[in-house]
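Asks: Next come a sequence and a model predicted from it.
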Amino acid sequence: MTAIASETRLDAPVDVRFTAKGTPLAVRHDGRIWAVAAEPVHWFARDSWWESRRSVPVGIGNVVDIEHWRVQVRLGTNSTLRTFELRLDPLSEQWLLESISDSH
């Protein structure tokens, strides 16, 4: 049997709960709470500021780093493991669920 991964692209607003050390603990999406079930992966990407032509006042802070987390989550101990890709854009306080993927 071959595992086939499927992915859904979303960019949906979500609430993320973090541990005291700043690691995702749970994600609230679509009225449900998904618990993080494995060690998350964290990275930063750069915004293409030259393409968006976004301008901000001098001294506003970091406006080019996009924060990402890839977390494996589940609804309960027996539920299917899914992978959420989370994104926080520069100057935003709202996390976005960029995509959901799982194996069949």
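Replies: That came in fine, so what should we check first? Numbering: from 1, shown residues only.

Asks: any idea how far the strand of greatest length in the chain is from the chain center?
Replies: Longest strand in the chain by number of residues (criterion: DSSP state E): strand 5-18. The chain centroid and the centroid of strand 5-18 are separated by 6 Å under Cα atoms, centre = their mean, to the nearest Å.

Asks: what helices or strands is it leaning on?
Replies: For strand 5-18, the packing partners by 3 or more Cβ pairs under 8 Å, 6 or more residues apart in numbering; DSSP states H and E come out as strand 24-29, strand 82-88, strand 95-103. In this view, the C-beta of every residue, glycine as well, is placed from N, C-alpha and C.

Asks: Specify the next element, helix or strand, located C-terminal of the lowest-mean-pLDDT helix or strand in the chain.
Replies: Using mean pLDDT, DSSP states H and E, the weakest-scoring helix or strand in the chain turns out to be helix 49-52, at a mean of 64. Beyond helix 49-52 in the direction of the C-terminus, DSSP states H and E gives the next helix or strand as strand 65-74.

Asks: Now do that following strand, average pLDDT.
Replies: Mean pLDDT, strand 65-74: 96.

Asks: For it, buried residues please.
Replies: Counting neighbours by 16 or more other Cβ atoms under 10 Å, one finds that the buried residues in strand 65-74 are 67, 69-73.

Asks: Which strand residues bridge the residue nearest the centre of the chain?
Replies: Most central residue of the chain, judged by C-alpha distance to the mean C-alpha position with Cα atoms, centre = their mean, is Leu86 at 0.7 Å. Residues in a beta bridge with Leu86, per DSSP bridges, are Trp69, Leu97.
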